[in-house]
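# coordinates for the following, if possible.
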Amino acid sequence: TIILYGVASDKTEHERRRIKTVNLLNLIVAVFISIGIFNHFVLHTKMNFWPTLSFVVFAFISLYLSKINLTSLSFILFTLNVNLAILFINKCYPIETGCYVFYFPVIVSIVLLNKPTFRDKFALLHFSLVIIFFSVNLFVDIPAWRLEGVEASQVKVLLTANLIMSATLTGLLSGLMNRMISNQNIEITTRNVRLSKTQEELNVSLREKEVLLAELHHRVKNNLAIISGLLNMQEDATTNEEAKQIIYDTKTRISSMALVHKMLYEESNLKSINFTNYATELIDTLLNSYHLEKNVIFEKECEVVILPIYKSIPLGLILNEAVTNCIKYVFKNAT
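Got it, this is the predicted structure:
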């Protein structure tokens with residue numbers, strides 16, 4: 001329950017992992033420093049009691065900040081607290097006690113806490129503070145913190161305790177890191193399986209829609225052919241030449257639209273047609289309908305133009321009108 005403080009569903013996987021890791025490390029800091037305080041009273045070792053106790057208090061404050069969803073402040077307080085605690089312990093005790101070994105679990109924690117990108121402000125903050133405090137620990141001496149009169153027997157006990165605690169912490173964090181990597185691999189594998197399944201479903205759906213769309217164009221073409229056939233019947237039934245011409249002009253317009261759907265049905269993408277081929281076929285059809293194919297030579301000079309359906313139909317109607325008017329008023333005596 002405590003580890004899950006501040007972990008919300010709206011956060012990214014990395015943010016949730018960082019928050020859970022901070023909460024766990026705060027618990028570890030509180031437990032191990034509390035063990036150190038307990039050993040102080042049992043073994044009668046020398047220590048600065050109140051500063052050491054403050055690190056435990058700060059760890060619990062950091063946990064409380066996570067609980068109230070102030071996770072960024074919790075992370076900052078944790079980073080300051082753990083670095084200051086290691087610095088303080090190293091400056092309090094002689095180097096022979098091996099307090100510097102606590103930097104090993106801190107190094108491992110960097111991998112758990114941070115995302116491998118320079119844009120991660122938390123990664124930069126944590127790494128920078130570790131470097132700063134480590135440099136201070138190496139090059140700055142703070143005599144006021146140094147405990148005097150630490151006996152050789154106590155140094156040996158402290159070295160053993162520090163090695164055990166550091167090894168335990170490092171092993172625990174390494175296990176967490178291994179578990180994290182394993183979970184990430186499982187998650188990636190699961191995600192890839194889901195993506196492959198989704199992709200296959202999308203491909204099936206796309207193929208179905210393509211078939212339906214092709215069938216739609218085919219049906220539209222057939223329906224337009226039926227309308228054109230009805231107009232043929234109407235044309236045969238009337239004796240008025242003007243009415244015949246109007247019906248015939250209407251049939252050519254319908255044919256120009258039907259030709260678009262015919263070519264779309266024959267194309268693989270079902271979205272656009274080669275308008276150059278369309279124009280050639282439309283003009284040939286018009287010349288044949290007026291029996292001008294032997295008397296009029298049609299020469300085209302144009303580049304290949306690919307147009308979608310919403311442009312092809314109106315342009316086809318315009319081309320139909322232009323060619324029809326040419327036939328009516330320019331080549332009307334050529335038959």
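
# check residue 44 and give its pLDDT.
Residue 44 is assigned 68 on the pLDDT scale.

# assign a three-state SS to residue 303, would you?
Look at residue 303: counting by DSSP: H, G, I helix; E, B strand; the rest coil, its state is coil.

# and for the one 4 residues further on?
Three-state assignment for residue 307 (three-state DSSP): strand.

# what about the residue nearest to it when sequence neighbours are not counted, how many residues close to it?
In space, and not counting its chain neighbours, residue 307 is closest to residue 275: 4.5 Å by CB to CB, 6 or more residues apart in numbering. For glycine as for every other residue, the C-beta is placed from the backbone atoms N, C-alpha and C. Applying other CB atoms under 10 Å, we find 22 residues neighbouring residue 275.

# residue contacts, the closest residue to residue 101 other than its chain neighbours?
Among residues not flanking residue 101 along the chain, residue 166 sits closest, at 3.9 Å (CB to CB, 6+ apart). Contacts for residue 166 (CB atoms under 8 Å, 6 or more residues apart in numbering) come out as 98, 101-102, 104-105.

# kindly indicate the member of these with the most neighbours.
The residue in those with the most neighbours, by other CB under 10 Å, is residue 105 (23 neighbours).

# in which helix or strand does it reside?
Taking DSSP states H and E as the criterion, residue 105 maps to helix 103-113.

# and that helix, what does it pack against?
Packing partners of helix 103-113 (3 or more CB pairs under 8 Å, 6 or more residues apart in numbering; DSSP states H and E): helix 13-43, helix 71-92, helix 121-139, helix 152-237.

# for residue 247, which non-adjacent residue is closest in space?
Per CB to CB, 6+ apart, closest to residue 247 is residue 235, 4.5 Å.

# oh sorry, the question was meant for residue 61
With sequence-adjacent residues excluded and distances taken as CB to CB, 6+ apart, residue 61 is closest to residue 77, at 6.4 Å.

# can you get me a residue count around the residue lying closest to residue 81 once chain neighbours are set aside?
Closest residue in space to residue 81, ignoring its immediate chain neighbours: residue 58 at 4.3 Å, by CB to CB, 6+ apart. Neighbour count of residue 58, defined by other CB under 10 Å: 20.

# could you report the neighbour count for residue 257?
Counted with other CB under 10 Å, residues neighbouring residue 257 total 20.

# again, but for residue 179
By other CB under 10 Å, 10 other residues sit near residue 179.

# how much space is there between it and residue 78?
20 Å (CB to CB, to the nearest Å).

# can you check residue 320 too?
Distance, residue 320 to residue 78, using CB to CB: 77 Å.

# higher neighbour count, the two?
Counted by other CB under 10 Å, residue 320 and residue 78 do not tie: residue 78 has more neighbours, with 26 against 23.

# correct me if wrong: that one contacts residue 60.
No. Applying CB atoms under 8 Å as the test, residue 78 and residue 60 come out as separate, 11.1 Å apart.

# between the two, which contacts overlap?
With CB under 8 Å, 6+ apart, residue 78 and residue 60 have common neighbours residue 26.

# tell me which residues of stretch 146-165 are tucked away?
By 16 or more other CB atoms under 10 Å, the buried positions in stretch 146-165 come out as 150, 154-155, 158-159, 161-162, 165.

# I'd like those as CSV, with distance to residue 28 appended.
Formatted as CSV, those follow (distance: CB to CB, whole Å):
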residue, distance to residue 28
150, 25
154, 24
155, 24
158, 19
159, 20
161, 15
162, 15
165, 10
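
# for those residues, work out which two are farthest apart.
150 and 165 (17.8 Å; CB to CB).

# against residue 56, how distant is residue 25?
As judged by CB to CB, residue 25 and residue 56 stand 13 Å apart.
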